[in-house]
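# Below are the sequence and a predicted model for it; my questions follow.
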Amino acid sequence: MKIVSIVGARPQFIKESLIGKKLKEFGIDEVLVHSGQHYDFNMSDIFFKLLEIKNPQYNLGIGSGTHAEQTGRVMMEFEKILMNEKPSLVLTYGDTNTTLGGALTAAKLKRTKKRIAEFGLENIAKKIKIIDPVGYDESVALTSNAFSVVTDSGGLQKEAYFANVHGVVMMKDTGWIELVESGWNVLADADEEKIYNGVFNHPIPSEVGKIYGDGNASEKIAQIIRDMKL
């Protein structure tokens, strides 16, 4: 079995570091594609080094641009790879322009359409110290030792939860609404008072359960792929 995985942004690299190793463990041939959506060293290369992700066989080099430009460039370049590699399955992560471009391109493949339907995936404060961007390991250390995390990053909202640190989300809504509904995170938009109260006055539940499972998702995903009759 051959699958093609496409990544391009920070949260996707982290997921790939786990699932890629499990796919190899199960003897599944994985072709890794980097879209180039994140290309700065601290947002890309450092993850491959620290998390020991294998070097991508392809880099689309899409760089910066509008949503339409990035998505379009992913589709044009990714299509060539899929036509050449002819995978049984395409694996995408998250909700970025790389994800959208990769999923739309893969949807042209008959087998991918079948799997999408089979698995029901059709509807896919007071003092601030400003520092330079940090690498992933430093980001994890800062998050783990924080009193609270104020962010508009979807990935960081979840990373804070895994570090047992509550978060204040500077948006009107979030893709990770389960963290808000559980009482762990709070939505504050750009309202100064809501942000302050979210950091200092928001009651944190003593127990929210394992919202994202038991930590074995990468193994389960790889097992599902291994057991598919492609």
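Nice, thanks for sending it over.
# C-alpha from now on. contacts and neighbour counts both.
Fine.
# Domains in the protein, by residue range?
With automatic domain parsing as the criterion, the domains of the chain are listed as 2-122, 136-200.
# just for this protein, where's the confidence low?
Residues of the chain meeting the criterion pLDDT under 70: 41, 110-130.
# So which residues of it form strands?
2-7, 29-34, 58-59, 89-92, 149-151, 167-169, 185-187 (DSSP state E).
# From the contact counts, what lies against the second one?
In this structure, strand 29-34 packs against strand 2-7, helix 10-25, strand 58-59, with contacts taken as 3 or more C-alpha pairs under 8 Å, 6 or more residues apart in numbering; DSSP states H and E.
# ok, now with 10 Å
Other helices and strands packing on strand 29-34, by 3 or more C-alpha pairs under 10 Å, 6 or more residues apart in numbering; DSSP states H and E, are strand 2-7, helix 10-25, strand 58-59, helix 67-85, strand 89-92.
# Just the buried residues of that strand, please?
For strand 29-34, the buried set under the neighbour-count rule, 16 or more other C-alpha atoms under 10 Å, comprises 30-34.
# Just the terminal-to-terminal distance for stretch 172-187.
Looking at stretch 172-187, the gap from its leading to its trailing residue is 6 Å under the measure C-alpha to C-alpha, to the nearest Å.
# Run through who's touching it.
Outside stretch 172-187, the residues within contact range by C-alpha atoms under 10 Å, 6 or more residues apart in numbering are 95, 148-150, 152-155, 157-158, 160-161, 164-171, 188-191, 194-195, 197-199, 202-209, 211-212.
# rerun at 8 Å
Surrounding stretch 172-187, the residues in contact under the criterion C-alpha atoms under 8 Å, 6 or more residues apart in numbering are 154, 157-158, 161, 166-171, 188-189, 198, 202-205, 208, 211.
# Can you tell me which of those residues are classed as buried?
Judged by neighbour count, with 16+ other C-alpha under 10 Å as the criterion, the buried members of the contacts of stretch 172-187 are 157-158, 161, 166-170, 188, 198, 202, 204.
# so can I have CSV of the domains of the chain showing distance to Ile225?
Converted to CSV, the domains of the chain look like this (distance: least, C-alpha to C-alpha, whole Å):
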stretch, distance to Ile225
domain 2-122, 8
domain 136-200, 24
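# quick one: which of these is nearest Lys220?
When these are ranked by proximity to Lys220, the top entry is domain 2-122, at 9.0 Å, counting by C-alpha to C-alpha.
# The domains of the chain: which one's closest to Arg226?
Between Arg226 and those, the shortest gap by C-alpha to C-alpha is with domain 2-122, which sits at 6.9 Å.
# So what's the gap between that closest one and the chain middle?
Taking the mean C-alpha point of domain 2-122 and that of its whole chain, the gap between them comes to 11 Å (C-alpha atoms, centre = their mean, to the nearest Å).
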